[in-house]
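In: Could you work out the structure for the sequence below:
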Amino acid sequence: MHKRLIVPHALFQIMIRRLAHQLIETHRDFSDSVILGLQPRGIFVADRLQQTLQEILGITVQTGYLDITFHRDDFRRRSTPLAPNATKVDFSLEGKRVILVDDVLYTGRSVRAAMDAMISYGRPAQVELLVLIDRQYTRDLPIEATYIGQRVDSLHSQRVEVTWQSPESAEDVIWLHTLTPEQEEPHATA
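Out: Here you go, the predicted model:
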């Protein structure tokens, strides 16, 4: 496997801050807007955005976590069952402007599943999509992000990995992995 750094730590921080400012331009005081992080990896982006918005505006933006497991179109097609994640949406989406947040936009199927899942919490007035990485040329569905950290030209034989600062990783960075033919999985639907 070949691994290439595509977003170093300094650029990662700039991207998060830029995305937060773009949200402020559109949503101003967030009085009728909420952020929903898609489980499992979108929640890290959602949390970081919430922290950055609170730092800039001095307010807490309503943020929740949305599990899409049972709304995926490949849920019953997998050889091993998917383990669901916790959904944490303790507010109504009725009439709200919802910002769906994920780390990587790949085929668009996760976003489609998220739109199905969020309807259980009310009918939003508007839905937008924010992603750190938009993998171009890999979309199965006509879904596009409203806010994009960075676009990446990629093949199905590549994988994008967002690494968050933690005890195992000193910095927030994004990698592009090129898999060998033996490592490749059948066409993923994330």
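In: ok, which stretches of the chain are helices?
Out: Assigned by DSSP state H, the helices in the chain fall at 9-27, 42-57, 109-118.
In: how far away is residue 165 from residue 152?
Out: Distance from residue 165 to residue 152, counting by Cβ to Cβ, to the nearest Å: 21 Å. In this view, the C-beta of every residue, glycine as well, is placed from N, C-alpha and C.
In: oh sorry, the question was meant for residue 118
Out: 26 Å.
In: do the same with residue 160
Out: Distance from residue 160 to residue 152, by Cβ to Cβ: 7 Å.
In: intersection of neighbour lists for the two?
Out: Taking Cβ atoms under 8 Å, 6 or more residues apart in numbering as the contact rule, residue 160 and residue 152 both touch 6, 133, 135, 176.
In: Select from the residues you listed every entry located in strands.
Out: Taking DSSP state E, the ones among the shared contacts of residue 160 and residue 152 that sit in strands are 6, 133, 135, 176.
In: quick one, what contacts the second one?
Out: The reference is to residue 133. 7, 103, 104, 105, 148, 149, 150, 151, 152, 160, 162, 174.
In: Put the buried members of those residues into a PyMOL selection.
Out: A single PyMOL command is used to select the members of the contacts of residue 133 judged buried by 16 or more other Cβ atoms under 10 Å:
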select buried, resi 7+103+104+105+148+149+152+160+162+174
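In: Is it possible to get a markdown table of the contacts of residue 133 that adds distance to residue 125 and pLDDT?
Out: Listed next are these as a markdown table, based on distance: Cβ to Cβ, whole Å; pLDDT from 0 to 100:
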| residue | distance to residue 125 | pLDDT |
| --- | --- | --- |
| 7 | 32 | 97 |
| 103 | 25 | 98 |
| 104 | 27 | 97 |
| 105 | 23 | 97 |
| 148 | 22 | 98 |
| 149 | 25 | 98 |
| 150 | 29 | 97 |
| 151 | 28 | 97 |
| 152 | 31 | 96 |
| 160 | 31 | 95 |
| 162 | 30 | 96 |
| 174 | 32 | 97 |
